[in-house]
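Participant: Sequence first, then the predicted structure:
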Amino acid sequence: MKIDEVRKRAFAMPLTSPAFPPGPYRFVDREYLIIAYRTDPAALEAVIPEPLSFDEPIVKYEFIRMPDSTGFGDYAESGQVIPVKFNGKEGNYTLAMFLNDGPPIYGGRELWGFPKKYAQPTLSVDRDTLVGTLDYGRVRIATGTMGFKHKALDLGQVRAGLEKPNYLLKIIPHVDGSPRILELVDYRLEDIVMKGAWSGPATLDLSPHALAPIAELPVREVLSATHIVADLTLGLGKVVYDYLKN
């Protein structure tokens, strides 16, 4: 294989059999359970990287089911997203995500810098309750519950929330172990088709784990819960801050 062909073919690893196809990546019937809660300000300060900042010590814990996603298949994920500001503009910083499928882990980390690790999340309806769980190995570390479709929400307002900027810390090491890429990435959800959004009473329980430290942002007060079903495209990102140059 000639050098020019290597350059032409290379977009993901392995070169001759990439773990995921090129985008765009469309998601059909993507389903969210998002539970917003208040946590300790000092705990947030310890995990949010500058130049991001926050006003209130709020975390959004997410359980997401993706039954139909381009190149990635049928899978689920769960993790923590933090409302932040960048240059005065509101957005969300993804702190941790746990998935049960290889291609979206590889693609998410390589393309955007999603902080994804392998685990076992679920999102399903148990009679009158929407239930999200996350197991890391054999240990249950998160359980979220919400009354199923108690109150319909304004779809325009929910869509506006989904369209806010999202931020990731992309880290790719050099072969000597030092960071070769260390960037703050901005990505957006695009072409959103809202199919429903609801709120209801909710609970969230987080348990400590050495390798999945979600409980280090403790739940002090559950503020709200949102159940969303939508089609959307996961847009490719742009670098908004380079830690190795700035």
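Facilitator: The structure has been received and is ready for your questions.

Participant: Please give me every residue in contact with V158.
Facilitator: M194, A197, T226, I228 (CB atoms under 8 Å, 6 or more residues apart in numbering). Using the backbone N, CA and C atoms, a C-beta is placed for each residue, glycine as well.

Participant: and P18, that's in a helix?
Facilitator: No. Read with DSSP: H, G, I helix; E, B strand; the rest coil, P18 is coil and lies in no helix.

Participant: how about the helices in this protein?
Facilitator: Counting by DSSP state H, residue ranges of the helices within the chain are 3-9, 41-45, 102-107, 155-162.

Participant: Show me the contact partners of the first one.
Facilitator: Helix 3-9 has contacts (CB under 8 Å, 6+ apart) with M1, L15, T16.

Participant: mind showing which ranges of this protein have poor pLDDT?
Facilitator: Of all residues in the chain, none has pLDDT under 70.

Participant: repeat that with 90
Facilitator: 246 (pLDDT under 90).

Participant: quick one on the thing from earlier: tell me which two of the contacts of V158 sit farthest apart.
Facilitator: Every pair in those was compared (CB to CB); the two farthest apart turn out to be M194 and T226, at 12.1 Å.

Participant: Tell me which of these two has more neighbours.
Facilitator: Each of M194 and T226 has its neighbours counted (other CB atoms under 10 Å); T226 has more, 20 against 17.

Participant: wait, what's in contact with the spatially closest residue to the more buried one that is not a sequence neighbour?
Facilitator: Once its chain neighbours are removed from consideration, T226 has its nearest residue in I34; the separation is 4.7 Å (CB to CB, 6 or more residues apart in numbering). With CB under 8 Å, 6+ apart as the criterion, the residues that contact I34 are K60, Y61, E62, A225, T226, H227, I228.

Participant: which residues pair with I34 across the strands?
Facilitator: Note on I34: beta-bridge partners by DSSP bridges are E62, T226.

Participant: among the contacts of helix 3-9, who's most crowded?
Facilitator: Counting neighbours by other CB under 10 Å, the one among the contacts of helix 3-9 with the most is L15, which has 12 neighbours.

Participant: separation between that one and K8?
Facilitator: From L15 over to K8 the distance is 11 Å, taken as CB to CB, to the nearest Å.

Participant: Same question for F114.
Facilitator: Computed with CB to CB, the distance linking F114 and K8 is 26 Å.

Participant: And the two? Which one has more around it.
Facilitator: F114 (26 against 10).

Participant: so the more buried one makes contact with Y167?
Facilitator: No. The criterion here is CB atoms under 8 Å, and F114 misses it with Y167 at 11.1 Å.

Participant: Mutual contacts of the two, please.
Facilitator: A shared contact of F114 and Y167, defined by CB under 8 Å, 6+ apart, is any residue touching both; here these are T94.

Participant: For V28, list the residues it contacts.
Facilitator: If a contact means CB under 8 Å, 6+ apart, then V28 has P67, D68, S69, D231 as its contacts.
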